[in-house]
Structure formats: C-alpha cells, structure tokens
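>>> Need coordinates for the following:
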Amino acid sequence: MTQFPRAGRVDWIGLRPARDVPVRAVDHALAVTGGGLEGDRYTGGSGKRGVTLIQAEHLPAIAALAGHAEVAPAALRRNLVVSGIPLIALKGRRFRIGDVVLEGTAPCDPCSKMEALLGPGGYNAMRGMGGLCARVIEGGALTIGDAVEWVDA
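Numbers count the residues shown, from 1 in each chain. Sure thing, here's the model as predicted:
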C-alpha cells in the first residue's frame with residue numbers, strides 16, 4: 001500500500017551542534033544534500049542518519065510510559081517532530097518536507113541516554129516509538145508547518 005489519508009506536518013525542529021550538547025529548537029533549518037541539517041552534528045556523517053524524525057502522536061505515550069505528564073521534544077534528541085503521517089511507513093521511501101526530499105533509511109531506535117534523560121525505564125519507554133532516520137536526497141529549506149508528503153519515485 002502506497003497511499004496515506006493526508007499529508008503530515010512538521011511541528012518542531014531541533015539542532016544539536018555537538019555530542020552531549022542540548023538540542024536547540026529552531027523555526028527553520030537548511031538540509032544539506034547527502035548530509036543532515038546545517039548546524040547539526042550529523043551534517044557531515046554518512047547520511048543514513050542525516051535527519052532524525054519522531055511522530056508527535058507518540059510523545060504522550062512515551063511520557064506516560066516513562067512516568068511523566070509530558071516530554072519535551074528536545075529531550076528525545078530528534079531533529080523533527082511530525083504529526084499526521086505514520087513515519088514507519090516512510091522507511092525505504094522518499095518523502096518531501098518543504099524544499100527537501102528525504103529517504104527513510106531505518107527506525108531511529110532509542111539509545112541508553114534515555115535512561116538519564118527520561119529516568120529509569122526511559123529507554124524501554126521509547127522502544128518501538130523512536131522514530132525514523134532519513135537521508136537527505138535533495139537539500140533545501142524546511143520550516144515548522146511544512147507538509148510531510150510521500151514522493152512517488
């Protein structure tokens with residue numbers, strides 16, 4: 001099946017310039033072809049994890065499972081929070097956000113840092129809801145409010 005009932009939406013954008021530095025929320029970002037988001041630590045990597053996304057609908061579930069009333073997107077260390085589209089369905093597919101074309105490469109599994117950030121059990125609270133890693137196929141600008149749409153390749 002290759003159809004989605006509607007386009008998704010970018011709700012939040014975050015950049016982390018270096019390891020062990022807090023994620024900084026921004027209103028827009030520039031994606032670099034073959035890299036990641038300008039100003040983020042993964043810009044110069046292999047590209048498979050160039051941009052990380054998490055589904056907004058999963059944030060309340062992660063918070064509840066971790067024993068919190070809510071969880072801030074920055075705490076989960078992903079670049080984009082999107083709503084309205086099932087991210088896992090974009091694995092292995094190309095999709096567009098603003099001017100940017102991305103390709104979902106793999107689930108974005110949580111890391112052990114979630115224990116420190118969310119508390120004991122934080123890693124397991126995120127399992128299955130860690131989001132998606134993506135490669136930047138065509139760079140460009142993306143902004144909060146941009147549509148997330150599947151690209152028929």
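>>> Give me the pLDDT for the residue nearest the centre of the chain.
Closest to where the C-alpha atoms of the chain average out (Cα atoms, centre = their mean) is Leu53, at 1.1 Å. Per-residue confidence for Leu53 comes out at a pLDDT of 96.
>>> Equivalent analysis for the one 5 residues further on, please.
pLDDT, His58: 92.
>>> That one looks like it's in a strand, true?
No: assigned with DSSP: H, G, I helix; E, B strand; the rest coil, His58 falls outside any strand and is helix.
>>> SS state for the residue nearest to the centre of the chain?
strand.
>>> For it, give the beta-bridge partners.
Leu80, Leu132 (DSSP bridges).
>>> Let me see the ranges of the strands in the protein.
Remark: strands assigned in the chain by DSSP state E are 8-15, 24-26, 28-31, 51-55, 80-83, 94-97, 100-107, 132-138, 140-143, 147-150.
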